[in-house]
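A.B. asks: I'd like to go over a predicted model; first the sequence, then the structure.
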Amino acid sequence: MADFMTTLPPTDLRYERKFLPAGRSVAEVVALVRQHPALFREAYPERPVNNLYFDTPNLRHYYDHVSGHARRVKVRLRWYGEFHGRIDNPRLEFKRREGLLGGKTTHRLPPFTVNGGFDRAALAALWAGADLSEATRLRLCGVVPVLANRYRRRYFVSADGQFRVTLDWALETYDARASAHAPRVLRLDEPSLILELKYDAAHAGEADRVASAFPFRLTRCSKYVLGIDRLAG
């Protein structure tokens, strides 16, 4: 795993702070974000986000996270819009953590189709048709599809462009290890909303002021870890 981490291509690292707006509706949280002193405004239209997560057969990435390992990685396939059918703009992402900092390396993939599940042969064909380095292909050989999720997201950016906020809700989890034609679907009722504040390391000095203006509880919250825990019962 050490080699997996150290050989990842360079990426710009950023801070990510997550909050759980317990007992609030989406409309209430959006109103509070818009009233924030940093003057957050919507940056993109609301849209559904879909992810397929990969892990080692013994769930090394999951256990690195729950044990608080300082250097850890997640491997996921991300796309937007419909969960099933033709996916036109998928992205392969290696998302890593270095202490309190996080970042990701992204690779564009050719279109593919999701027909009820995640067949490994179809994924192998997707990697084969993609413009990926040999090092990236070797990393993919060590991981398997484990979990997929889907949620709604709204995006905001501060007036000075230094801080970004995402609001996620309606989180659903799919067991990617199940039958390719009948994946098990679970709705996660808690947490109902996840707010995330993101900023580059250069703006860390101002972050406490921005974060403290949100009346929400700061937390550690990984949708991947939540999903694995839920699937495990």
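C.D. replies: Structure's in. What do you need?
A.B. asks: Return the helix or strand in this protein with minimum mean pLDDT.
C.D. replies: Across the helices and strands of the chain, the lowest-confidence element by mean pLDDT, DSSP states H and E is helix 2-6, at a mean of 44.
A.B. asks: and after that helix, which helix or strand comes next?
C.D. replies: strand 14-20 (DSSP states H and E).
A.B. asks: Give the other helices and strands that that following strand contacts.
C.D. replies: The helices and strands touching strand 14-20, judged by 3 or more C-beta pairs under 8 Å, 6 or more residues apart in numbering; DSSP states H and E, are strand 101-108, strand 193-200, helix 204-212, strand 217-219. Bear in mind the C-beta positions are built from the backbone N, C-alpha and C, glycine included.
A.B. asks: Run the chain-centre distance for the shortest one.
C.D. replies: Per C-alpha atoms, centre = their mean, to the nearest Å, the displacement of strand 217-219 from the mean C-alpha position of its chain is 18 Å.
A.B. asks: Pull up the pairing partners for that strand, direction included.
C.D. replies: strand 14-20 (antiparallel) (DSSP bridges).
A.B. asks: Buried residues, the helix or strand that comes right after the strand it pairs with. List them.
C.D. replies: Using DSSP H and E, the helix or strand that follows strand 14-20 towards the C-terminus is helix 26-34. Using 16 or more other C-beta atoms under 10 Å as the test for burial, helix 26-34 gives 26, 29-30, 32-33.
A.B. asks: now helix 26-34, how far from the chain's geometric center?
C.D. replies: For helix 26-34 - counting by C-alpha atoms, centre = their mean - the centre lies 22 Å from the chain centre.
A.B. asks: tell me which strands and helices the very next helix or strand once past that helix is in contact with?
C.D. replies: Using DSSP H and E, the helix or strand that follows helix 26-34 in sequence is strand 41-55. Here strand 41-55 touches strand 71-80, strand 144-157, helix 223-231, going by 3+ C-beta pairs under 8 Å, 6+ apart.
A.B. asks: Report back the residue of this protein that's furthest from centre.
C.D. replies: Here the centre of the chain is the reference, and by C-alpha atoms, centre = their mean the most remote residue is residue 37, at 26.9 Å.
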